[in-house]
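> Sequence unavailable; structure follows:
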């Protein structure tokens, strides 16, 4: 399932030098090694953030193979269960905040996880919205292939296609990168 393997969605970002690297360099220089001390060559704090990305739980439109994009569809019972299962897998980690798009399916998933982990703050950020798929949104995938064949190749969406009333792939990626 989409939420069954949380560890596969983990990304670890570091700013500055990694603590292990810092400790090794300080030890080589004969200095006393203290985790978290600034790198001797740079006045930059050492810190680490663990960011976990979780896709929303299953929605009614997922079951119908209907394109969602910026439109919304409620979570199914299975989607609610998936969010609860994700929270269980995340219990071994400490989180300060959850950031979610404002779309109901994403925010409901975030709310379920936050309640189960005792996280009081959910920040909504529109940069995390799914790609706006313009004229494809709300359509069943097979219908879109018939109505808009110029957007598909061998039955698969051409990802960098200019979807009428939609968002260009590079604009979508830039928006998400900026938000992250």
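Perfect, I can see it now. Everything quoted here is computed from the prediction, not taken from an experiment.

> Could you find the closest non-adjacent residue to residue 123?
Excluding its sequence neighbours, the residue lying closest to residue 123 (Cβ to Cβ, 6 or more residues apart in numbering) is residue 99, at 4.7 Å. Using the backbone N, CA and C atoms, a C-beta is placed for each residue, glycine as well.

> pretty sure the one you found contacts residue 126?
No - using Cβ atoms under 8 Å, residue 99 is not in contact with residue 126; the gap is 11.0 Å.

> Mind checking which of the two has more residues around it?
Shown here are residue 99 and residue 126; by other Cβ atoms under 10 Å, residue 99 has more neighbours (16 against 11).

> Now do the same for residue 132: helix, strand or coil?
Classification of residue 132 using DSSP: H, G, I helix; E, B strand; the rest coil returns coil.

> Could you count how many residues lie near the closest residue to it other than its chain neighbours?
Leaving aside its chain neighbours, residue 132 sits nearest to residue 167 (3.9 Å; criterion: Cβ to Cβ, 6+ apart). Taking other Cβ under 10 Å as the neighbour definition, residue 167 ends up with a count of 19.

> Return the per-residue confidence for residue 167.
pLDDT for residue 167: 97.

> can you check residue 5 too?
38.

> chain center to the strand or helix carrying residue 142, what's the gap?
Using DSSP states H and E, residue 142 maps to helix 141-147. Distance of helix 141-147 from the chain centroid (Cα atoms, centre = their mean, to the nearest Å) equals 27 Å.

> all strands of the chain, in order?
All strands of the chain, identified by DSSP state E, fall at 10-15, 47-52, 98-100, 122-124, 152-153, 156-157.

> Out of those, which gets the lowest mean score?
Confidence, taken as mean pLDDT, is least for strand 10-15 of the strands of the chain (a mean of 32).

> what's the closest non-adjacent residue to residue 84?
residue 112 (6.1 Å).

> any idea how far the residue most central in space within the chain lies from residue 177?
Centroid-nearest residue in the chain, with Cα atoms, centre = their mean: residue 53, separated by 3.7 Å. In this view, residue 53 and residue 177 are 13 Å apart by Cβ to Cβ, to the nearest Å.

> List the contacts of stretch 117-133.
67-70, 87, 90-91, 95-103, 106-107, 110-111, 113-114, 163, 165-167, 169, 172, 175-176, 178-180 (Cβ atoms under 8 Å, 6 or more residues apart in numbering).
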